[in-house]
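Trainee: have a look at this fold, sequence not included:
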């Protein structure tokens, strides 16, 4: 009797999960369906689950459309995401190591000053940061899009926590061999802590690719648009070509979905390791 | 730490004997030049944070006391005028109200959905990785892409929108989801976008916490006669998830406060942004950077928002006793 109830419960749970999973996949389905449809198929009054013919030509049409600089936007986004990721990893990991391992009288104060910025939402600093960046003449430049975002207190915090848990014996051996802090870091610490670099790197990359407010504010020239800004200009323009809009959105998330599926375990590890829930 | 500090403050015999300049350098550099190395590692990052976070913050406080239209070096000091004008302006107080309503919707729904997903996925014996991936996948999407799908397809106000199509099968009227203010259907659109994007991420946090709970606790509960199901959930699982739950609520509130992307992309069009549903950041974007560029006024808004978020987070942390190490 009791067993039967457990079995019913399990079946119910599984059906609920499957239903929810399908619901979660609907937006992806819409993206692909509309992206590969002819305009008339999208706006047709009768709903069809799949377009009668797949219009792969939408992709070439998108890149040939001169009103939206899609290729340039993709290139900008790729450059920004890669450079932001590399820069953040370098700066935050060095800082994290210094904070975790080099004894200094005011290390604790510096650490709290860094941690404190986690509490300051970007919301609050974006107006003054814009003012600062525009007075440097960095509006619509890659510099302006990248440099202000390189100093992630979150990344620094994750690195520090991770290095604190790194076995000291390895570093001590390096010190005995006469290596200073700098060479110990590059020759011993970095090669042995690749997982945390992968975890933080993946999270930073996705964040940089998807960020919207800062590129919207700084990338004022069309030449400096990122993919997200280009997509937004589609949705807020007067004449909307739906098939082109959807294929653009699909193209914009494709690289990320690939990264995401392959590097998912690093993201999960990064989230767990950040210790934000402890 | 303290041993190092003592070592440093105690005068070294050789330092005392050396000329004043060299002695001072050596004291600054610390034993084995540690202080120098510390700043070599931490310096670049700390400097960047200073320039791009602390300086803007200070500058913004300064600007907020001035009349600064289209300029960052203002001359006319206006004292607290910007602040009093802001608090009297209906658009600003409306934006705070919008934030409050949004938070009241999004925080509980995301919390309950992500916790339920985590509990269900955690109990699966097979295909756990599959379901985890499916629920987590939206986290790779940007708010821009999600808002686009919601606005142009899912909740499109015309016949071919999926929601209207499905409701049409049951004979319902078409709804203009984003432009209906009575009842405010646009909230449904706004909240579901964020729910879809975020639930998977918080599910991952809950899953990690669930997997840290010791099985011995459940065994002990079974020995004590606790019925699997509600009793175990209520008395074992949920208390064990307390720290994670507090962190999740805190993150949800902070993120709700910073909402901009989906509001902007869902509601603005070629004609501009509608007069309703403007959360604080959207309000700031249009006042400080829009026509007139009233930077002093915008900065005052930013400072007020900073104070509000500080009060909310500190208050919440106190309320939940975050940082107490009792368990």
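Mentor: Yes, it's here. Bear in mind that the values here come from a model prediction, so they are computed numbers and not experimental data. Residues are numbered from 1 along each chain as shown, chains lettered A, B, ... in the order given.

Trainee: going by C-alpha atoms from here, please, whenever you check contacts or count neighbours.
Mentor: Fine.

Trainee: and stretch A:91-104, how far out from the chain middle?
Mentor: 24 Å (C-alpha atoms, centre = their mean, to the nearest Å).

Trainee: and stretch A:39-47, by the same measure?
Mentor: So, by C-alpha atoms, centre = their mean, the centroid of stretch A:39-47 is 34 Å from its chain's centroid.

Trainee: quote the end-to-end distance of that stretch.
Mentor: One end of stretch A:39-47 sits 13 Å from the other (C-alpha to C-alpha, to the nearest Å).

Trainee: which residues touch it?
Mentor: Residues outside stretch A:39-47 that contact it (C-alpha atoms under 8 Å, 6 or more residues apart in numbering or on different chains): A:34, A:51-52, A:241-243, B:159-160, B:165.

Trainee: sec struct for the closest residue to chain B within the stretch 1-150 of chain A, please.
Mentor: Nearest to chain B in the stretch 1-150 of chain A, going by C-alpha to the nearest C-alpha, is residue A:95, at a distance of 4.0 Å. At residue A:95 the chain is in helix, as set by DSSP: H, G, I helix; E, B strand; the rest coil.

Trainee: state the pLDDT value of it.
Mentor: With respect to pLDDT, residue A:95 scores 94.

Trainee: what is the burial count for it?
Mentor: 27 (other C-alpha atoms under 10 Å in any protein chain shown).

Trainee: try residue B:262
Mentor: When neighbours are counted by other C-alpha under 10 Å, residue B:262 registers 24.

Trainee: pretty sure residue B:196 is in contact with residue B:140, am I right?
Mentor: No. In this structure, residue B:196 is not within contact of residue B:140 by C-alpha atoms under 8 Å, at 11.1 Å.

Trainee: find me the pLDDT at residue B:327, would you?
Mentor: 39.

Trainee: quick one: end-to-end distance for stretch A:112-126.
Mentor: 22 Å.

Trainee: chain center to that stretch, what's the gap?
Mentor: 19 Å.

Trainee: buried ones in it, by neighbour count?
Mentor: Burial within stretch A:112-126, assessed by neighbour count using 16 or more other C-alpha atoms under 10 Å in any protein chain shown, is assigned to A:113-115, A:117, A:120-126.

Trainee: which residues touch residue B:44?
Mentor: So residue B:44 contacts A:91, A:95 (C-alpha under 8 Å, 6+ apart).

Trainee: an error on my part: the question was meant for residue A:142.
Mentor: A:80, A:224.

Trainee: then residue A:145?
Mentor: Each residue near residue A:145 by C-alpha under 8 Å, 6+ apart is listed here: A:80, A:214-215, A:218-219.

Trainee: closest one of the residues you listed to residue B:319?
Mentor: residue A:214 (33.4 Å; C-alpha to C-alpha).

Trainee: could you give the number of residues near the closest residue to residue A:241 other than its chain neighbours?
Mentor: Using C-alpha to C-alpha, 6 or more residues apart in numbering or on different chains and skipping residues adjacent in sequence, the residue nearest residue A:241 is residue A:39, 7.3 Å away. Other residues near residue A:39 come to 16 when the count uses other C-alpha under 10 Å.

Trainee: so which bits of the stretch 101-250 of chain A are right by chain B?
Mentor: By the rule C-alpha under 8 Å from any C-alpha of the partner chain, the part of the stretch 101-250 of chain A lying against chain B is A:102-105, A:114, A:117, A:119-125, A:127-129, A:131-132, A:148, A:150-151, A:181, A:206, A:210-213, A:228, A:231-232, A:235-238, A:242, A:246, A:249.

Trainee: let's see that with 6 Å instead.
Mentor: A:102, A:104-105, A:123-124, A:128-129, A:148, A:151, A:210, A:236-238, A:249 (C-alpha under 6 Å from any C-alpha of the partner chain).

Trainee: buried ones among those residues?
Mentor: Buried among those by 16+ other C-alpha under 10 Å: A:102, A:104-105, A:123-124, A:128-129, A:148, A:151, A:210, A:236, A:249.

Trainee: please name whichever of those residues scores lowest on pLDDT.
Mentor: For those, the pLDDT minimum is residue A:123, 64.

Trainee: is the lengthiest helix in chain B positioned near chain A?
Mentor: Counting residues, the longest helix in chain B under DSSP state H turns out to be helix B:90-123. No. On the criterion C-alpha under 6 Å from any C-alpha, helix B:90-123 is out of touch with chain A, staying 6.9 Å away.

Trainee: what is the mean pLDDT for the following helix or strand past that helix?
Mentor: Moving toward the C-terminus from helix B:90-123, the next helix or strand (DSSP states H and E) is helix B:128-136. Helix B:128-136 carries an average pLDDT of 88.

Trainee: circling back to that earlier point, so which pair among the contacts of stretch A:39-47 is furthest apart in space?
Mentor: A:241 and B:165 (20.4 Å).

Trainee: rewinding a little: pipe the buried residues of stretch A:112-126 into CSV and attach secondary structure and distance to residue B:232 per row.
Mentor: Output for these, formatted as CSV (DSSP: H, G, I helix; E, B strand; the rest coil; distance: C-alpha to C-alpha, whole Å):
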residue, secondary structure, distance to residue B:232
A:113, helix, 42
A:114, helix, 41
A:115, helix, 37
A:117, helix, 39
A:120, coil, 39
A:121, coil, 38
A:122, helix, 40
A:123, helix, 41
A:124, helix, 43
A:125, helix, 45
A:126, helix, 46
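
Trainee: among those, which one has the lowest pLDDT?
Mentor: residue A:123 (64).

Trainee: need the pLDDT of the residue nearest the centre of chain B.
Mentor: Central residue of chain B (C-alpha atoms, centre = their mean): residue B:255, 2.4 Å from the mean position. We have a pLDDT of 84 for residue B:255.

Trainee: and for residue B:278?
Mentor: With respect to pLDDT, residue B:278 scores 82.

Trainee: same question, the one 3 residues further on
Mentor: Residue B:281 is assigned a pLDDT of 80 by the prediction.

Trainee: then residue B:321?
Mentor: 63.

Trainee: one step back: helices or strands up against the longest helix of chain B?
Mentor: With contacts taken as 3 or more C-alpha pairs under 6 Å, 6 or more residues apart in numbering or on different chains; DSSP states H and E, helix B:90-123 sits against helix B:186-212.

Trainee: let's see that with 10 Å instead.
Mentor: helix A:2-35, helix B:81-88, helix B:128-136, helix B:186-212, helix B:242-257, helix B:280-288, helix B:295-320 (3 or more C-alpha pairs under 10 Å, 6 or more residues apart in numbering or on different chains; DSSP states H and E).
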